[in-house]
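Trainee: model the structure of this input:
(2 chains)
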Amino acid sequence: MNPTVLLVDDDADVRGVIRALLADEGGFDVVGQAPDGALGISLAAHLQPDVVLLDLAMPVMDGLSVLPGIRRVAPEARVVVLSAFGTDRTVRAAMAGGAAAFVHKGAELAEELVSVLREVLAARPV
Amino acid sequence: MGSNPVAVGGPETVNGRSMDEGSGEPGGTLPVPAWISVTLLGSVAIGSLIDLAVPDKAALLPLVVAPFVAALLLPVPATLVVAGVSLTLIVALPQAIVTDSGFQYFRLAAVAALDILAVVAAGQRQHLAETRARLIRERERTVLSRRHALELNDHIYQSLFTSRLWADLGEVERADAAFDRALLGTAELLADLLVDVPVHPGALLRTLPPPVVQEAGA
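Mentor: Coordinates of the predicted model:
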């Protein structure tokens, strides 16, 4: 059974291309998508995904506000933050909030994302 | 000052010594004008002002007092008077000859008083007002920067990013569509930023030269 992934990003095109990327790579099942943080928490509670790909700049609740909620309702899920805001301060804030990894939405994402997902899934306690 | 300056305010002592009302020399009593109320507890050198001042105002005192004393072009003694919570600097100015309506001449030692705490308080208020104004400007800059960052992200960066990923996946049409959305978003943002900016010759002058792009293989 493939690891399950929940996408939380307000940009529909971003969700679409990430989903296409994971489908093209194979080995991951995108089981849900949420356009804002509040809905992301609800879906995480319902779906209990293996991985949550979480954007930071979102309406209703931003990613840093959502992080603790997701970890509370889906404690087994590994949260990987995806963001265009890749400053050291942002990365530190995401990791301090409980993210398992931070991937910058940059030119190298296609290569980085899949390897990071495999790393965080391998690091999960059995 | 009244017709008889000697009677105004009653006799007082200055510097712990009585002044001669006729000659102004020590030995007599010279009344201090009623508009100066003095309680003398002793004299203090200027250098001790900082020790006597309220500690958290210590840094301001030299800035406040020094220019005032420096402006007095006279080698005169200064006395610090502490009366309750007030802190008054008394500076003796040269003696003047005054006359009343009866043409009696008197030597008058004019006295200038500077309420130190009032000046310090005024200086503090100005410092606080400047600090507050600076903090407000900084906060406005932060709010504006955050808004610009989010707008650039929403209108331009996300579309460029997805265009790149679609291109990596071989989805040319989708990549082109995302790139076009980035262009449109950029144009809209530029229009929004310039909406209140007057446009006239020189208004759009570039201050930096355009970047030099090296062609691959060149």
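Trainee: let me see the contact set for the residue positioned nearest the centre of chain A.
Mentor: Chain A has A:Leu53 as the residue nearest its centroid, 1.1 Å off, counting by CA atoms, centre = their mean. Shown in contact with A:Leu53 (CB atoms under 8 Å, 6 or more residues apart in numbering or on different chains): A:5-9, A:18, A:80, A:82. In this view, the C-beta of every residue, glycine as well, is placed from N, C-alpha and C.
Trainee: show residues contacting whichever strand or helix holds B:Leu183.
Mentor: Assigned by DSSP states H and E, B:Leu183 belongs to helix B:172-193. Helix B:172-193 is contacted from outside by A:13, A:17, B:151-152, B:154-157, B:159-160, B:162-164, B:166-167, using CB under 8 Å, 6+ apart.
Trainee: can you list the strands that the host helix or strand of A:Val52 pairs with?
Mentor: Under the criterion of DSSP H and E, A:Val52 resides in strand A:51-54. With DSSP bridges as the test, strand A:51-54 is paired with strand A:4-8 (parallel), strand A:78-83 (parallel).
Trainee: give the next helix or strand downstream of it.
Mentor: Later in the chain than strand A:51-54, the nearest helix or strand by DSSP H and E is helix A:63-73.
Trainee: what residues sit buried inside that following helix?
Mentor: By neighbour count on 16 or more other CB atoms under 10 Å in any protein chain shown, the buried set for helix A:63-73 is A:63-64, A:66-67, A:69-71, A:73.
Trainee: restrict those residues to contacts with chain B.
Mentor: Contacts with chain B within the buried residues of helix A:63-73, counted by CB under 8 Å from any CB of the partner chain: none were found.
Trainee: those residues: which two are farthest apart?
Mentor: A:Leu64 and A:Val73 (16.5 Å; CB to CB).
Trainee: picking that back up, what sits opposite the residue nearest to the centre of chain A in the beta ladder?
Mentor: Applying DSSP bridges to A:Leu53 gives these bridge partners: A:Leu7, A:Val80.
Trainee: what residue ranges in chain B score low on pLDDT?
Mentor: B:1-120, B:215-218 (pLDDT under 70).
Trainee: what residues does it have near chain A?
Mentor: Contact residues, chain B versus chain A (CB under 8 Å from any CB): B:149-150, B:153-154, B:157-159, B:161-162, B:164-166, B:168-169, B:171, B:174, B:178, B:181.
Trainee: of those, grab the buried ones for PyMOL.
Mentor: This is the PyMOL syntax for the buried subset of the residues of chain B next to chain A, where burial follows 16+ other CB under 10 Å:
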select buried, chain B and resi 153+154+157+158+159+161+162+164+165+166+168+169+171+174+178+181
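Trainee: tally of neighbours for B:Leu204?
Mentor: For B:Leu204, the number of neighbouring residues by other CB atoms under 10 Å in any protein chain shown comes to 9.
Trainee: distance of it relative to B:Ala191?
Mentor: Distance, B:Leu204 to B:Ala191, by CB to CB, to the nearest Å: 13 Å.
Trainee: one more: A:Val8?
Mentor: 31 Å.
Trainee: go on, B:His127?
Mentor: Going from B:His127 to B:Ala191 by CB to CB gives 42 Å.
Trainee: ok, those two, which is more surrounded?
Mentor: Using other CB under 10 Å as the criterion, B:His127 and B:Ala191 rank with B:His127 on top: 13 against 9.
Trainee: any idea which helix or strand carries that one?
Mentor: Taking DSSP H and E as the definition, one finds B:His127 inside helix B:116-152.
Trainee: that helix to helix B:172-193, inter-axis angle?
Mentor: Comparing the axes of helix B:116-152 and helix B:172-193 via axes from the mean of the first three to the mean of the last three CA atoms, to 10 degrees yields an angle of 150 degrees.
Trainee: so A:Ala20 makes contact with B:Asp168?
Mentor: No. Taking contacts as CB atoms under 8 Å, A:Ala20 lies outside contact range of B:Asp168: 10.1 Å.
Trainee: determine the set of other helices and strands touching the helix holding B:His127.
Mentor: Counting contacts by 3 or more CB pairs under 8 Å, 6 or more residues apart in numbering or on different chains; DSSP states H and E, helix B:116-152 is packed against helix B:61-71, strand B:86-99, helix B:172-193.
Trainee: most neighbours among the contacts of A:Leu53, which one is it?
Mentor: Among these, A:Val8 has the most neighbours (other CB under 10 Å), with 29 neighbours.
Trainee: show me what contacts the residue lying closest to it once chain neighbours are set aside?
Mentor: Nearest in space to A:Val8, with sequence neighbours left out and distances taken as CB to CB, 6 or more residues apart in numbering or on different chains, is A:Gly40 at 3.6 Å. Contact analysis of A:Gly40 by CB under 8 Å, 6+ apart lists A:6, A:8, A:34, A:52, A:54, A:61, A:66, A:70.
Trainee: pLDDT score for A:Gly40?
Mentor: pLDDT for A:Gly40: 94.
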